[in-house]
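In: Have a look; sequence and predicted model below, questions after that.
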Protein chains: 2
Amino acid sequence: MLPASERVLVGPGDDAAVVRVESGNLVVTTDMVVEAVDFLPETEPESVGRRALAVNLSDLAAMGARPEFFLLSIAFSAEKGEDFPLALARGALSRAAPLGVDLVGGDLSTCPQTIVSVALWGRAEARATLRSGASAGDCLFVSGFPGRAAAGLALALRSPGSRPAGLADAQAAELLAAYHDPEPRVALGLELSRRNLWTAAIDVSDGIGVDASRLARASGLRAVIEKERLPVSPALEAAGELQEKDPFAWILGGGDDYELLFAAPESAAGAIESLSSREVPITRIGRLEQGEGAHLREDGRERDISSLGHDHFEARP
Amino acid sequence: MLPASERVLVGPGDDAAVVRVESGNLVVTTDMVVEAVDFLPETEPESVGRRALAVNLSDLAAMGARPEFFLLSIAFSAEKGEDFPLALARGALSRAAPLGVDLVGGDLSTCPQTIVSVALWGRAEARATLRSGASAGDCLFVSGFPGRAAAGLALALRSPGSRPAGLADAQAAELLAAYHDPEPRVALGLELSRRNLWTAAIDVSDGIGVDASRLARASGLRAVIEKERLPVSPALEAAGELQEKDPFAWILGGGDDYELLFAAPESAAGAIESLSSREVPITRIGRLEQGEGAHLREDGRERDISSLGHDHFEARP
């Protein structure tokens, strides 16, 4: 299953793996995904593996780092059979291999609930982009359409027959895909770093509200987001209307988006907007200023959105 | 909780950590420990953290690598409270810090069963020692007293009142400590590598039988172990007698020892034996020859011990 890689001197099978590295800055992250917390129990193992890689790749994307190799540990019930971890690893590799990321080792264990733990390493192009690098006056940008994943989860939790009438199949598919198979913004993070366009970044895993407040706090600033600038995908809007749900609740507090929320000086805005595409728009949604917290501005009024979103201890879905 | 380290440029708290590395070979491993599989449910969190580090440090010891950094992920039930992961991390650091190993990041999640996943990496002094490096004619050595951990687990599973009469407190304590708090042989692995004394190594996590067969298979050889040479701690012998249990069943198939089993040429035997101490004896227990499998020789007869030991899918304890 594993393609040969020159920099992997010893792959899985020994007590540890051995990889060749050049001197410089290694960027490392780890994220667990847990059944019934981070994914629905009936999810196919390939999908679980893709998600486990995606959430870790997203962390490296937010640092502007190039991912290089990963470890994959799987705890699962023996009843699921020997093919289960193999299928899960295939899913993980289907996210990793196109980016040139090598699987170098892992561990298997038993647990009634499936748990996947990934550790991922890579390199910062120049220096890593942190949450703390923003300055007052920087603009705030977001990639993609946050909120689609949360709307997709809401759809996934309904029985197929009870899907809201009027939501086009393509729109439902768009929202479900955003939830089931998030696309980490690795190429975008690398480009923003290579061209030195951004000053601070975070990946939107828990909701724009709480994640904007985290970036603002790390930079010692206050984030102000203009509601009218937030990108709303037509699919999200349609799903909201049909379910009588405010789409902005999904956008600000939904979680699971794995989009990039980042700061950049006004002078870089043009170059950044030129990286925007129809599939992955990049939208300027606000700015950073003196103060603290994350606030949403609408019709001249502001409200605190710092606590909109998931925290690690709220079981979901 | 974290001491400052010059080589950790960004520690926990951002999307990923950033560490400075020199060019060379990075040795990386990961091991999960799972409640009711790898540790008893009533185990204190500090102890779980120490064990999680110890089993990973043991992997690096068997590669002759110097451990440097680790990531620590913890899934636990929210009922255990916020102090639980902190206590667990303190336990992990109590194993890591004396070796100069830095905690650089991690993840927290919820799960009814406690699961701890560690990713640990370090550097090989010269080249890493693999399982596959042995030659026919090499001697086989083992550190410490394998089997004590399994005997300690058997004791731990008895109620305190039903401990076998006649087993001295100090002996019971020795066996329980071997199970509850294994000591990874990091310094020994580094010394054997620095002096280029060994040719192949594995850490004894699942029993001498199966682990010797893994080393032999990786080297394309057959391991022959002389029963009369196996080190038997007096405490293990006493516990075996009192419980009418053959101590060699614990020694060959017990698991959880985290001792080093390694191969070295005859010419290095003297230098290796000079590293032996009363606390951590190093014993020459057999040799590698043409063929396959792992065999125990007693009174001129041989029996296959390749399958004595734990595999990853047998729930224990």
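Out: The structure has been received and is ready for your questions.

In: Would you map the strands across the stretch 151-300 of chain A?
Out: Assigned by DSSP state E, counting those that start in this stretch, the stretch 151-300 of chain A shows strands spanning A:200-204, A:222-226, A:259-264, A:282-289, A:293-298.

In: Does anything pack onto the lengthiest helix in chain A? Which helices or strands?
Out: Longest helix of chain A, by residue count under DSSP state H: helix A:45-62. Counting contacts by 3 or more Cβ pairs under 8 Å, 6 or more residues apart in numbering or on different chains; DSSP states H and E, helix A:45-62 packs against strand A:24-34, strand A:65-76, helix A:83-96, strand A:115-124, helix A:186-194, strand A:200-204, strand A:259-264. Where C-beta positions appear, they are placed from N, C-alpha and C, glycine not excepted.

In: what sits against the residue most central in space within chain A?
Out: By Cα atoms, centre = their mean, the mean C-alpha position of chain A lies nearest to A:Y258, the distance being 1.9 Å. By Cβ atoms under 8 Å, 6 or more residues apart in numbering or on different chains, the residues touching A:Y258 are A:A54, A:V55, A:S58, A:A149, A:P182, A:E183, A:P184, A:R185, A:D203, A:V204, A:S205.

In: what's the closest of the residues you listed to B:C139?
Out: Distance to B:C139 across those (Cβ to Cβ) is lowest for A:V55, with 47.4 Å.

In: tally of neighbours for the closest one?
Out: 24 (other Cβ atoms under 10 Å in any protein chain shown).

In: What of the one 5 residues further on?
Out: Number of residues near A:L60 (other Cβ under 10 Å) recorded here: 31.

In: same deal with A:L242?
Out: So A:L242, with other Cβ under 10 Å, has 14 neighbours.

In: so how far is chain B from the closest residue to it other than its chain neighbours?
Out: Nearest non-adjacent residue to A:L242, counting by Cβ to Cβ, 6 or more residues apart in numbering or on different chains: A:P164, 3.7 Å away. From A:P164 across to chain B, the span is 30 Å (Cβ to the nearest Cβ, to the nearest Å).

In: Can you verify my assumption that A:L308 contacts A:L252?
Out: Yes. Here A:L308 reaches A:L252: they are 4.7 Å apart, a contact under Cβ atoms under 8 Å.

In: Can you pull the residues that touch both of those two?
Out: The contact sets of A:L308 and A:L252 overlap at A:G207, A:I208, A:G209 (Cβ under 8 Å, 6+ apart).

In: OK, contacts around the last one?
Out: To tie it back to what came earlier, the one meant is A:G209. So A:G209 contacts A:L252, A:G253, A:A294, A:L296, A:I305, A:S306, A:S307, A:L308, A:G309 (Cβ under 8 Å, 6+ apart).

In: Now do the contacts for the first one.
Out: It stands for A:L252. A:L252 neighbours (Cβ under 8 Å, 6+ apart): A:G147, A:G207, A:I208, A:G209, A:L230, A:L296, A:I305, A:L308, A:G309.

In: Wait, the first one touches A:I251, no?
Out: Yes. Using Cβ under 8 Å as the test, A:G147 is close enough to A:I251 to be in contact (3.5 Å).

In: intersection of neighbour lists for these two?
Out: Contacts common to A:G147 and A:I251, judged by Cβ under 8 Å, 6+ apart, are A:V232, A:L236.

In: Give me the more crowded residue out of the two.
Out: A:G147 (33 against 30).

In: what number of residues lie near the nearest residue to A:V186 once chain neighbours are set aside?
Out: Leaving out its chain neighbours, the residue that sits closest to A:V186 by Cβ to Cβ, 6+ apart is A:A61, at 4.6 Å. Using other Cβ under 10 Å, A:A61 is surrounded by 31 other residues.

In: got the contact list for A:A61?
Out: Going by Cβ under 8 Å, 6+ apart, A:A61 touches A:P184, A:R185, A:V186, A:L188, A:G189, A:L190, A:D203, A:L260.

In: 10 Å instead, please
Out: A:54, A:67, A:122, A:129, A:143, A:184-190, A:192-193, A:201, A:203, A:258-260, B:15-16 (Cβ atoms under 10 Å, 6 or more residues apart in numbering or on different chains).

In: Show the backbone phi and psi for the residue nearest to the centre of chain A.
Out: When read as degrees, to the nearest 10, the backbone of A:Y258 gives phi 60, psi 40.

In: Ok, A:L167 next?
Out: Note on A:L167: its backbone torsions stand at phi -80, psi 120 [degrees, to the nearest 10].

In: and the gap between it and A:E42?
Out: Note on A:L167: its distance to A:E42, by Cβ to Cβ, to the nearest Å, is 21 Å.
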